[in-house]
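Visitor: Structure, please.
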Amino acid sequence: MESQHIPVSIRLVTEIRELGEKAVTTVEETGSFIQKGNIAVLRFTEHQEEQEPIDSLITISNDKVSIKRTGAVDMHQQFKKKQYTENVYRHAFGTIHMETHTDQITYQEPRNDHNGKLFISYTTKLNGEGNRRHRLTLTFKEVTQ
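Guide: Residues are numbered from 1 along each chain as shown. Predicted structure coming up:
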């Protein structure tokens, strides 16, 4: 099966709730989308002020989502619905052990006139302490020249 890289605009919104506080981060970048069989891949580079770029590779399949980030941070986080996964998050200030429990994953592939959308609701525990609630919403659409 032939796969092609489709240029897309990406909007990634992450909400984190901890101890009654809510932090929202929004990233808007351009990248590429590839659909090969039942696997979808999004690739983009995150540019943050005064920090080296972060390359992100998001792989979406039937039963899991994988997010691999390299550059200013280094991590490979797996999301499997109703399961616990673990990974190590490395950045300039050190290393954090992360335990993730995924509550919900919904994915809508891009079709005709509607955007692609990935939503993940999950809880993390960093270095074995406290639970943080996360909601990740990623929307993307084809960039037309």
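
Visitor: Can you classify the closest residue to Asn38 other than its chain neighbours as helix, strand or coil?
Guide: In this structure, Asn38 finds its nearest non-sequential neighbour in Asn62, 5.7 Å apart by C-beta to C-beta, 6 or more residues apart in numbering. Every residue, glycine included, has its C-beta placed from N, CA and C. Three-state call for Asn62 (DSSP: H, G, I helix; E, B strand; the rest coil): coil.

Visitor: count of neighbours near Asn62?
Guide: Neighbour count for Asn62, taken as other C-beta atoms under 10 Å: 7.

Visitor: how close does it sit to Tyr107?
Guide: Counting by C-beta to C-beta, to the nearest Å, the separation of Asn62 from Tyr107 is 9 Å.

Visitor: go on, Ile16?
Guide: For Ile16 relative to Tyr107 (C-beta to C-beta), the value is 21 Å.

Visitor: For this protein, which segments count as strands?
Guide: Taking DSSP state E, the strands of the chain run over residues 6-18, 21-36, 39-46, 54-60, 64-71, 73-80, 84-91, 94-108, 116-126, 129-142.

Visitor: Save those as JSON lines, and put in mean pLDDT too.
Guide: Output for those, formatted as JSON lines (pLDDT from 0 to 100):
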{"stretch": "strand 6-18", "mean pLDDT": "95"}
{"stretch": "strand 21-36", "mean pLDDT": "95"}
{"stretch": "strand 39-46", "mean pLDDT": "96"}
{"stretch": "strand 54-60", "mean pLDDT": "97"}
{"stretch": "strand 64-71", "mean pLDDT": "96"}
{"stretch": "strand 73-80", "mean pLDDT": "95"}
{"stretch": "strand 84-91", "mean pLDDT": "93"}
{"stretch": "strand 94-108", "mean pLDDT": "95"}
{"stretch": "strand 116-126", "mean pLDDT": "96"}
{"stretch": "strand 129-142", "mean pLDDT": "94"}
